[in-house]
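Undergrad: Please find the sequence and the predicted model below.
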Amino acid sequence: MKRIILSLAALIMAAGTALADNDKPITVDQLPATARQFISTYFSGVKVSLAKMDTEIFDKSYEVVFTDGNKVEFNSKGEWKDVDCKFTQVPEGIIPPQIKNYVAANYKDMKIVKIDRNKRDYEVELSNGLELKFDLKFNLIDIDN
């Protein structure tokens, strides 16, 4: 009986692993409406090089890479999680005003080139490589270089 249970557990784990980390190229039209609206608002006129859907066991996410090297990641609802603008700067409309004001006051000549948000915090990377982390109330909680 123990052997059957172990075999069944191994089979379930193998099936779960096969389903996890499944990247699939998609068209922009297959993105959630929220993601499509985000792209047309903040990256209008920039060509999409690649759009893909990443299916995990319990979650789904999307990634869009533009021809200029910028990249945006979205959650399953199409809300942005990560915006990476390596060669330019993150569009100002994406950045919460409190973070924008903090950076303008403390790092006058720096641009925000990456912003990442999750359930606990926001993290921004400046053009000088400095990373600032803010809690959900926009209090600075960490600086990393």
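TA: Great, that's in hand.
Undergrad: any weak-confidence spans in this protein?
TA: Low-confidence segments of the chain (pLDDT under 70): 1-21.
Undergrad: Which positions are bridged to the one residue sitting closest to the centre of the chain in the beta structure?
TA: The C-alpha lying nearest the average C-alpha coordinate of the chain belongs to residue 82 (C-alpha atoms, centre = their mean; 2.5 Å). Beta-bridge partners of residue 82, counted by DSSP bridges, are residue 73, residue 116.
Undergrad: wait, what's in contact with the residue nearest to residue 120 when sequence neighbours are not counted?
TA: Residue nearest to residue 120 in three dimensions, not counting chain neighbours: residue 136, with 7.0 Å by C-beta to C-beta, 6 or more residues apart in numbering. (C-beta placed from N, C-alpha, C; glycine too.) Residues near residue 136 by C-beta atoms under 8 Å, 6 or more residues apart in numbering: 120, 121, 122.
Undergrad: Give the PyMOL command for selecting the buried subset of these.
TA: In PyMOL, a selection of the buried entries from those looks like this (16 or more other C-beta atoms under 10 Å):
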select buried, resi 121+122
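Undergrad: which one among the contacts of residue 136 gets closest to residue 70?
TA: Each of these was scored against residue 70 by C-beta to C-beta, and residue 122 proved nearest at 18.4 Å.
Undergrad: show me the contacts for that closest one.
TA: By C-beta under 8 Å, 6+ apart, the residues touching residue 122 are 96, 99, 115, 116, 133, 134, 136, 138.
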